[in-house]
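Undergrad: Sequence and predicted model, in that order:
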Amino acid sequence: MRYFSIIAIMLVLLVSISMAEVPQKINYQGCLTSNTGNSIEDGNHILRFTIYNAAVDGDELWTSGFREVTVSSGLFNYILGDSTAFPDGLFDTDSPRYLGIKIGGDSELSNRIMLISVPYAIHSKLSDSSKIAISIPDNTVTTSKIANGSILFEDIAQNSATEGQVMKWNETSSAWEVAEANLGSSNWSVSDSVLYTNNYLGIARGGAENALYGNKSYTHVNLGVVCTTGTSGTNINFATVSGGSSNAATQSYSTIGGGHGNVASTIYTTVSGGRDNTAFDGGSTVSGGLRNTANGYGSTVGGGYDNTASGYSSTVCGGYSDTASGDYSTVSGGFKNSASGENSTVSGGSSNTASGNYSQAAGRLAKATHDGAFVWGDDTNSDVSSSANNQFTVRTTGGARFFTNTALTTGVTLAAGGGAWATVSDSTIKENIRPVDGDNILKKISDLDISRWNYETQDESIEHIGPMAQDFYRLFGLGDNNTTINTIDPDGISLAAIKALIEKNDELQESNVELKKELSDLRVLVEQLLEQNKK
């Protein structure tokens with residue numbers, strides 16, 4: 001199987017109770033997916049980590065060798081420098097370092113990860129001259145209100161800073177300066193810690209094992225672990241993790257509201273909550289749910305379970321195992337539905353497919369595989385598919401009804417298993433009922449031209465027989481207008497004509513009986529005359 005890393009979270013243990021040497025290790029967390037974008041199976045996988053001095057090619061400066069790493073829901077954790085120590089001076093430079101990852105027998109992943117300010121903090125040894133203070137309600141900082149750290153926290157003189165400000169000590173002027181105008185809250189606790197490094201501020205506020213890459217940003221991490229980045233040129237700014245655990249927001253303006261195991265890995269991506277959700281293309285959003293993925297630019301997954309929106313501006317509103325992979329495609333919900341055509345839509349239901357551009361599918365096992373096709377499937381456990389572009393296909397084994405009034409008394413119906421429409425013709429819904437003149441009908445029919453023709457929109461080989469609507473309307477005055485013929489009217493006219501013909505036939509039969517009697521009487525008379533003549 002081919003893998004690629006969606007997101008990498010690098011943490012370095014920068015804090016200790018004393019001012020001792022900082023541990024020379026990097027806590028590295030990542031998320032592995034298959035080439036289809038789904039998390040790989042849980043279990044142990046073989047990985048190798050290598051640090052280079054260039055994004056492409058370059059020299060190999062350190063490698064972990066192949067290590068067995070446990071993966072759960074796609075997430076893994078490995079401490080770089082644990083099994084194989086870093087060489088001296090690895091990070092004692094301004095030159096960038098890059099991390100490459102190789103998974104099993106596959107080639108190394110093509111995109112190396114630039115190690116920015118967090119790993120480089122291994123080289124930094126903060127001293128008592130790095131002084132940071134937080135202004136809380138009484139304008140002091142006490143040991144009971146800060147986390148353990150390698151930065152010296154000092155009390156600020158009364159009224160020297162407004163509530164919520166972070167101050168740094170300027171050695172040159174021997175005075176406190178504002179490092180951050182306002183943190184937005186002064187309710188600090190023992191699980192809070194502050195680190196000011198590389199001219200950027202990182203804040204840790206309670207929680208467990210969340211990581212955030214961004215300057216002037218809030219995150220929730222374990223007590224005493226502070227994640228800060230934002231050295232000049234990194235363009236990783238203002239990311240946010242509001243709560244939860246094991247969440248990661250790793251690009252500029254990425255946001256995670258809470259939950260567990262969520263990843264917002266690209267600029268302007270958002271995961272509001274839930275578990276094991278991932279938003280990793282620009283502007284993509286996962287609102288919540290479980291194991292949902294929004295990896296198309298501007299894509300959205302509203303919630304549900306195991307859903308994927310991978311097309312440009314695609315949307316999956318919810319449901320289970322639904323996929324919107326076409327650009328601007330939508331799956332409203334349901335189970336195992338797929339909208340892969342451009343601007344395609346699955347309204348819901350189960351196992352439906354809209355793969356044609358601008359196609360729509362709904363119900364069960366409906367397959368709109370042609371452009372512009374609409375397919376509706378009922379509860380029958382078999383596929384119903386389109387067969388042409390711009391086609392309307394419906395399977396309705398219980399029949400169909402179309403009503404044209406609010407009382408549901410006028411319209412047409414198609415019986416279950418039937419092959420023709422039935423028009424509602426109940427006498428209780430009719431008015432102005434009066435007889436028709438059959439002889440007049442017959443006369444008008446005799447004046448009506450009946451032609452053989454084909455529609456211009458169809459092949460000329462497809463022919464029909466019937467009158468022109470204009471002639472029909474002129475002679476009978478029936479229907480809504482002179483360009484259409486309501487199918488009820490020719491049926492009625494035909495029945496009236498047949499009835500008139502029956503009456504005429506009855507009259508002819510009566511006349512015929514009388515003529516036969518007269519003829520019989522005449523025959524008897526002739527026979528009598530002939531007999532008399534013989535005598």
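TA: All right, it came through fine.
Undergrad: domain parsing for this protein?
TA: Domain assignment for the chain, taken from automatic domain parsing, gives 3-120, 311-397, 399-433, 438-535.
Undergrad: Name the secondary structure element that contains residue 33.
TA: Per DSSP states H and E, residue 33 falls inside strand 26-34.
Undergrad: other SSEs contacting the helix ranked longest in the chain?
TA: Scanning the chain for the longest helix, with DSSP state H as the assignment, gives helix 488-534. The criterion is 3 or more Cβ pairs under 8 Å, 6 or more residues apart in numbering; DSSP states H and E, and the helices and strands that helix 488-534 contacts are helix 438-447, helix 469-476. C-betas here are computed from N, CA, C, even on glycine.
Undergrad: tell me the most buried of these?
TA: helix 469-476 (a mean of 16; mean count of other Cβ atoms under 10 Å).
Undergrad: chain center to that helix: distance?
TA: 53 Å (Cα atoms, centre = their mean, to the nearest Å).
Undergrad: For it, which helices and strands make contact with it?
TA: Judged by 3+ Cβ pairs under 8 Å, 6+ apart, helix 469-476 is in contact with helix 438-447, helix 488-534.
Undergrad: tilt between the first one and helix 488-534?
TA: Note on geometry: by axes from the mean of the first three to the mean of the last three Cα atoms, to 10 degrees, helix 438-447 and helix 488-534 are set 100 degrees apart in direction.
Undergrad: So what touches helix 438-447?
TA: With contacts defined as Cβ atoms under 8 Å, 6 or more residues apart in numbering, helix 438-447 is touched by 475, 476, 493, 496, 497, 499, 500, 501, 503.
Undergrad: likewise stretch 502-515?
TA: For stretch 502-515, the external contacting residues (Cβ under 8 Å, 6+ apart) are residue 438.
Undergrad: of the helices and strands packed on helix 488-534, which approaches residue 335 most closely?
TA: Across those, residue 335 has its closest neighbour in helix 469-476 (47.9 Å, Cβ to Cβ).
Undergrad: any idea of the angle that closest one forms with helix 438-447?
TA: 150 degrees.
Undergrad: and helix 469-476, average pLDDT?
TA: In this model, helix 469-476 has an average pLDDT of 96.
Undergrad: Would you indicate which residues of the strand holding residue 33 are buried?
TA: Buried residues in strand 26-34, counted by 16 or more other Cβ atoms under 10 Å: 26, 27, 28, 29, 30, 31, 32, 33.
Undergrad: Tell me the helix or strand right after it.
TA: Following strand 26-34 in sequence, per DSSP H and E, is strand 43-52.
Undergrad: send the alpha carbons of that next one over as CSV?
TA: C-alpha atoms of strand 43-52 as CSV (Å, rounded to 0.1, in the frame of the first residue of the first chain):
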residue,chain,number,x,y,z
GLY,A,43,-1.3,-1.8,14.2
ASN,A,44,2.4,-1.6,14.0
HIS,A,45,4.1,-0.2,10.9
ILE,A,46,7.8,0.2,10.0
LEU,A,47,9.0,3.8,9.6
ARG,A,48,12.3,5.5,9.1
PHE,A,49,13.0,9.2,10.0
THR,A,50,15.9,11.1,8.4
ILE,A,51,17.1,14.7,8.9
TYR,A,52,18.6,16.5,5.9
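Undergrad: centre of the chain versus the helix or strand that it is followed by, how much separation?
TA: Next along the chain after strand 43-52, taking DSSP H and E as the criterion, comes strand 60-72. Once both centres are worked out by Cα atoms, centre = their mean, strand 60-72 turns out to sit 35 Å from its chain's centre.
Undergrad: Please enumerate residues in contact with strand 60-72?
TA: 32, 40-53, 76-78, 80, 83-84, 86-87, 90, 97.
Undergrad: Now, of those, which are buried?
TA: Neighbour-count burial (16+ other Cβ under 10 Å) is assigned, among those, to 32, 40, 45, 47-52, 76-78, 80, 86, 90, 97.
Undergrad: From those, which shows the smallest pLDDT?
TA: Confidence-wise, residue 40 trails the rest of the buried ones among the contacts of strand 60-72, at 70.
Undergrad: Residue 430 - how many residues pack around it?
TA: 9 (other Cβ atoms under 10 Å).
Undergrad: re the thing from before, using a markdown table, please lay out the buried residues of strand 26-34 together with distance to residue 273.
TA: Output for the buried residues of strand 26-34, formatted as a markdown table (distance: Cβ to Cβ, whole Å):
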| residue | distance to residue 273 |
| --- | --- |
| 26 | 28 |
| 27 | 24 |
| 28 | 25 |
| 29 | 19 |
| 30 | 21 |
| 31 | 17 |
| 32 | 23 |
| 33 | 21 |
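Undergrad: Look at residue 500 and report its pLDDT.
TA: pLDDT, residue 500: 93.
Undergrad: Let me know how buried it is, in neighbour terms.
TA: Neighbours of residue 500 (other Cβ under 10 Å): 19.
Undergrad: and the gap between it and residue 271?
TA: In this structure, residue 500 and residue 271 are 78 Å apart, going by Cβ to Cβ, to the nearest Å.
Undergrad: now swap in residue 509 and tell me
TA: Per Cβ to Cβ, residue 509 is found 88 Å from residue 271.
Undergrad: do the same with residue 383
TA: Distance of residue 383 to residue 271, given as Cβ to Cβ: 36 Å.
Undergrad: Tell me which of these two has more neighbours.
TA: The residue with more neighbours, out of residue 383 and residue 271, is residue 271; 34 against 15, by other Cβ under 10 Å.
Undergrad: got the contact list for the closest residue to that one other than its chain neighbours?
TA: Computed as Cβ to Cβ, 6 or more residues apart in numbering, the closest residue to residue 271 that is not its neighbour in sequence is residue 262, at 4.2 Å. By Cβ under 8 Å, 6+ apart, the contact set of residue 262 is 244, 247, 248, 256, 271, 273, 274, 275, 276, 277, 278, 286.
Undergrad: Phi and psi next, for residue 262.
TA: phi -90, psi 150 (degrees, to the nearest 10).
Undergrad: Then residue 245?
TA: phi -150, psi 150.
Undergrad: wait, it sits on residue 260?
TA: Yes - contact criterion Cβ atoms under 8 Å: residue 245 and residue 260 qualify, at 5.1 Å.
Undergrad: Flag the shaky bits of the chain, pLDDT-wise.
TA: 1-23, 34-39, 92, 94, 116-171, 175-238, 535 (pLDDT under 70).
Undergrad: I'd like the distance between the spatially closest residue to residue 312 that is not a sequence neighbour and residue 315.
TA: Leaving aside its chain neighbours, residue 312 sits nearest to residue 327 (4.1 Å; criterion: Cβ to Cβ, 6+ apart). Remark: distance between residue 327 and residue 315 (Cβ to Cβ) = 11 Å.
Undergrad: do residue 338 as well
TA: Distance, residue 338 to residue 315, by Cβ to Cβ: 13 Å.
Undergrad: Same check on residue 108?
TA: Remark: distance between residue 108 and residue 315 (Cβ to Cβ) = 35 Å.
Undergrad: higher neighbour count, those two?
TA: Using other Cβ under 10 Å, the more surrounded residue of residue 108 and residue 315 is residue 315, with 22 against 12.
Undergrad: is it true that that one touches residue 325?
TA: No - in this structure residue 315 lies outside contact range of residue 325 using Cβ under 8 Å: 11.5 Å.
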